[in-house]
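K.L.:
Curious how this folds, go ahead:
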Amino acid sequence: MPTLDATDPAALSGSDDRTAARQRLSTRLLFLIVGIANATWAPLVPLVKDRAGLNEAGLGLLLLTFGIGSLLAMPSAGAAAARLGYRPVLLAGTLALGLALPVLALASGLVPLTGALLLFGAGMGAVDCVMNLQAVAVERAGGRPMMSGFHGLYSLGCILGALIASALLAAGLGAGGSVLLLVGGIAALFAAAWPGILRAERGGGARVPPSRCPGVRCLGSGCSAAWCSSPRARPSTGAPCS
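P.N.:
Coordinates of the predicted model:
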């Protein structure tokens, strides 16, 4: 059975400089993707509120589904990454983001909006969890601090996503067209990140001990992601949420 210790440098798929550089680039791109996805959703919040005819309390309950999706996905994402490697989990999470965002941009009914936001939260939670596990493994293999740089790419993604979304909306493209273009950009970035995403080691790979289970660590990231989903949380925090 393929297994992977998320914190063991031996889990990295190669030790040569080219492979290590590819894995570092992949990790940076994953953080950038999450920042862009978060920024793509942020300007949709008031649009969703107006289209669905929600008051403040109703919007708060709707946004709660993001946190529920994240918290449900985090433990299973960590466990799946330990068994299968990071590629399938990150692919599934990114597909969830790409499917949910257009629905959030276009739908007006509560049922599709709730389902899309639940899916978006699950996708964000899964990607956030596993990209942080990869960041830990890449940093340990490199033998030098890298985490602050990775999280800096998340902040850069938030800035770029907000700027691009604002420019597209100001140009009159509309929420649907703007989101589709940003989702296309996310897909291109993920394709570029794919070669450096860590795979499961077969045969001699070590199983993750229960005390070091990635799913447990991912719950912390899930709480952070749920907090960052609230528009009220963003203005009061200057640090990256990822």
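
K.L.:
show me what contacts G161?
P.N.:
Applying CB atoms under 8 Å, 6 or more residues apart in numbering to G161 gives the contacts 35-40, 182. Any C-beta I mention is one placed from the backbone N, CA and C, and that applies to glycine too.

K.L.:
Kindly reformat those residues as JSON lines and extend each row with pLDDT.
P.N.:
Shown next, in JSON lines, are those (pLDDT from 0 to 100):
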{"residue": "G35", "pLDDT": "97"}
{"residue": "I36", "pLDDT": "97"}
{"residue": "A37", "pLDDT": "96"}
{"residue": "N38", "pLDDT": "94"}
{"residue": "A39", "pLDDT": "94"}
{"residue": "T40", "pLDDT": "94"}
{"residue": "L182", "pLDDT": "96"}
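
K.L.:
Please look at L99 and L118 and confirm they touch.
P.N.:
No. Taking CB atoms under 8 Å as the definition, L99 is not a contact partner of L118, at 11.7 Å.

K.L.:
which one of the two has more residues nearby?
P.N.:
Between L99 and L118, counted using other CB atoms under 10 Å, the more crowded position is L118 (21 against 14).

K.L.:
Flag every buried residue along the helix or strand harbouring that one.
P.N.:
According to DSSP states H and E, L118 maps onto helix 110-142. For helix 110-142, a neighbour-count test (16 or more other CB atoms under 10 Å) marks 113-141 as buried.

K.L.:
for it, the distance to its chain's centre please.
P.N.:
Distance of helix 110-142 from the chain centroid (CA atoms, centre = their mean, to the nearest Å) equals 4 Å.

K.L.:
next one: stretch 104-119
P.N.:
The answer for stretch 104-119 is 19 Å, by CA atoms, centre = their mean.

K.L.:
Equivalent analysis for stretch 80-87, please.
P.N.:
Counting by CA atoms, centre = their mean, stretch 80-87 is centred 16 Å from the centre of its parent chain.

K.L.:
Number the residues from 36 up from this point.
P.N.:
Noted, 36 is the first residue going forward, which turns the last one into stretch 115-122.

K.L.:
before we move on, back to that, specify the next element, helix or strand, located C-terminal of the helix holding L153.
P.N.:
Downstream of helix 145-177, the first helix or strand assigned by DSSP H and E is helix 182-205.

K.L.:
Buried residues of that next one, list them for me.
P.N.:
185-186, 188-193, 195-197, 199-200, 203-204.

K.L.:
And the lowest mean pLDDT element among the helices and strands of this protein?
P.N.:
Sorted by mean pLDDT, DSSP states H and E, the helices and strands of the chain end with helix 249-263, the least confident at a mean of 47.
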